[in-house]
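Novice: Coordinates for the following, if possible.
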Amino acid sequence: MSTGEGKTWLGAGVVLLAALVGLWLWRSGTARESPAEARNTVASRDDASAGEERTPTAPAPAAEEKSIPPEGLLQEVPCALDSLVEEYRQGKDSPAYRRYVVEQLRGILESLPPEQLWAKVEAEQDPEVLEALSALWVTRFNLTGERGVLERVVDKAARESDPRRRAVMVRSLRAMGEPASEVLARSESTRHAYRGWVKDAAPEVREAVVGNLKDEAGRNFGRFQGVAEEAVALAKEANHPETAAGLLGASSIEAARAPAVDTVRELFQRSEHPEVRAAAAKALGTVSVGEAGRTMRALTERFATEPTSEVRSAMLESIARLGLSKAEPVMRKLKGVSKEQDEEIDTWLKLLASQPQTWNLLLRDKQAQEHRRRLHPLSQ
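Specialist: Below is the predicted model of the structure:
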């Protein structure tokens, strides 16, 4: 090979080597380019295309965007009253849960439109649910004192065909802070409500009346004058002896005035039903000190002619209650009048011999003795 040819090949090799090095350097630079630089490079190239129009593409949906709920899910949320009423309805097997729901209902009462609540009362058919709703309605009277609250209760009771729901409307009056019998008596529109209910053909309605009077009397240890006198008046008008007897036992007549005591004495002496005479005899044991003398005479004078043992037992109880230590000589005079009652008189005499200071102590000892007799009948 000549010297000129060697130089030519040497130059070609240098050029080829330089090309390879350049290619390697270019590839290394492209690999090190950041994603942001790459995007800028592409954008620059796009901007360099003069006059070229591009159609914008729609943005991708945001990742947090939710799909449309299925049909039926977007329903109107029921009001608190509707929800709580349904919870009460479903809680039939849990009295504790129902009491909790009732407390929740009371919590929303002041902010609840009255017509909305009354519409619920009018529409309800389930007696148990109606009881909760009607009591809630009556509670409005405690808050506002509006007579219309009670008038609607009385009116609905008169229109209600189902005796169970009529009884519910009567019992709802127990939610009142004051005795309902006294409050109703103050207005002409409601004055005679109890008079009609006590003669209702349905036993559950009459029982509701008796229960109401017992509840009212119990708030003052049975010593509400108005309640006692109303109970006596209703007993006199009652067509059913069990209702009259229940009313006579609903309240102490200690606070009642003379006309009411005279009515009880009349029922004791003249009623043809033994249960009414027995209840009246027990009621006479609760008269005031001023009535005690003539009441004691009425009980002892009737003892010999009373044909029913149950009534005579009630009379002995009232004699013991009225006289306490002073009843002992009266009891001794009655011994032998009715041999059937002699053993019972002996029991009272033994109890009175301990000179009890109060009727409650005497009654406690009597009940304890009767309990022992039931447990050990042969040892007595």
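
Novice: which stretches of the stretch 101-250 of the chain form strands?
Specialist: Assigned by DSSP state E, counting those that start in this stretch, the stretch 101-250 of the chain shows no strands.

Novice: Poorly predicted segments of it, please.
Specialist: In the prediction, the stretch 101-250 of the chain carries residues with pLDDT under 70 at positions 222.

Novice: chain center to whichever helix or strand Leu316 is part of, what's the gap?
Specialist: Element membership for Leu316 (DSSP states H and E) is helix 309-323. Chain-centre distance of helix 309-323: 38 Å, with Cα atoms, centre = their mean, to the nearest Å.

Novice: same question, stretch 119-126
Specialist: The answer for stretch 119-126 is 16 Å, by Cα atoms, centre = their mean.

Novice: again, but for stretch 130-145
Specialist: 11 Å.

Novice: One more: stretch 85-94?
Specialist: With Cα atoms, centre = their mean, you get 12 Å for stretch 85-94.

Novice: Give me the residues contacting it.
Specialist: Pro78, Tyr97, Arg98, Val101, Val102, Leu105, Lys120, Asp126, Glu128, Val129, Ala132, Leu133 (Cβ atoms under 8 Å, 6 or more residues apart in numbering). Any C-beta I mention is one placed from the backbone N, CA and C, and that applies to glycine too.

Novice: Buried ones in it, by neighbour count?
Specialist: Buried residues in stretch 85-94, counting neighbours by 16 or more other Cβ atoms under 10 Å, are found at Val85, Tyr88.

Novice: okay, how far is it across that stretch, tip to tip?
Specialist: Its first and final residues considered, stretch 85-94 spans 14 Å by Cα to Cα, to the nearest Å.

Novice: Stretch 229-243 too?
Specialist: 16 Å.

Novice: Equivalent analysis for stretch 88-102, please.
Specialist: 8 Å.

Novice: and it, how far out from the chain's middle?
Specialist: Using Cα atoms, centre = their mean, the offset of stretch 88-102 from its chain centre is 9 Å.

Novice: ok, back up a step: angle of the helix or strand following the helix holding Leu316 against helix 309-323?
Specialist: Note on helix 309-323: by DSSP H and E, the next helix or strand toward the C-terminus is helix 327-334. Between helix 327-334 and helix 309-323, the angle comes out at 150 degrees (axes from the mean of the first three to the mean of the last three Cα atoms, to 10 degrees).

Novice: Which strands or helices does helix 327-334 pack on?
Specialist: Contact here means 3 or more Cβ pairs under 8 Å, 6 or more residues apart in numbering; DSSP states H and E; on that basis helix 327-334 packs against helix 289-303, helix 309-323, helix 339-353.

Novice: Heading C-terminal from the last one, find the next helix or strand.
Specialist: I take that to be helix 339-353. helix 359-375.

Novice: just how off-centre is that next one within its chain?
Specialist: On Cα atoms, centre = their mean, the centre of helix 359-375 falls 35 Å from the chain's centre.

Novice: phi, psi of Ser94?
Specialist: phi -130, psi 90 (degrees, to the nearest 10).

Novice: From Tyr88, how far out is it?
Specialist: 10 Å (Cβ to Cβ, to the nearest Å).

Novice: can I get the contacts of stretch 85-94 in JSON lines with neighbour count?
Specialist: As requested, those are exported to JSON lines (neighbours: other Cβ atoms under 10 Å):
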{"residue": "Pro78", "neighbour count": "11"}
{"residue": "Tyr97", "neighbour count": "14"}
{"residue": "Arg98", "neighbour count": "19"}
{"residue": "Val101", "neighbour count": "20"}
{"residue": "Val102", "neighbour count": "15"}
{"residue": "Leu105", "neighbour count": "22"}
{"residue": "Lys120", "neighbour count": "19"}
{"residue": "Asp126", "neighbour count": "16"}
{"residue": "Glu128", "neighbour count": "13"}
{"residue": "Val129", "neighbour count": "19"}
{"residue": "Ala132", "neighbour count": "22"}
{"residue": "Leu133", "neighbour count": "23"}
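
Novice: for the helices and strands packed on helix 327-334, which one ends up most surrounded?
Specialist: helix 309-323 (a mean of 21; mean count of other Cβ atoms under 10 Å).

Novice: Tell me which other helices or strands it touches.
Specialist: helix 274-284, helix 289-303, helix 327-334, helix 339-353, helix 359-375.

Novice: Out of these, which gets nearest to Val170?
Specialist: helix 274-284 (20.9 Å; Cβ to Cβ).

Novice: and the angle from the closest one to helix 309-323?
Specialist: Using the same axes, to 10 degrees: helix 274-284 against helix 309-323 is 10 degrees.

Novice: I would like the residues contacting helix 274-284, please.
Specialist: 235, 241-242, 244-246, 248-249, 252-253, 261, 264-265, 267-269, 271, 295, 298-299, 306, 308, 310-311, 313-315, 317-318, 322.

Novice: isn't Leu150 right up against Ser181?
Specialist: No. Contact status for Leu150 versus Ser181: not in contact, 11.7 Å apart, counting by Cβ atoms under 8 Å.

Novice: Which one's more surrounded, the two?
Specialist: Ranked by neighbour count (other Cβ atoms under 10 Å), Leu150 and Ser181 place Ser181 first, with 26 against 23.

Novice: from memory that one sits against Glu216, does it?
Specialist: Yes. Counting by Cβ under 8 Å, Ser181 does reach Glu216; the two are 6.0 Å apart.

Novice: who touches both of the two?
Specialist: Val227.

Novice: residues touching Ser251, list them.
Specialist: By Cβ under 8 Å, 6+ apart, the neighbours of Ser251 are Leu213, Lys214, Glu216, Ala217, Gly222, Phe224, Val227, Ala228, Ala231.
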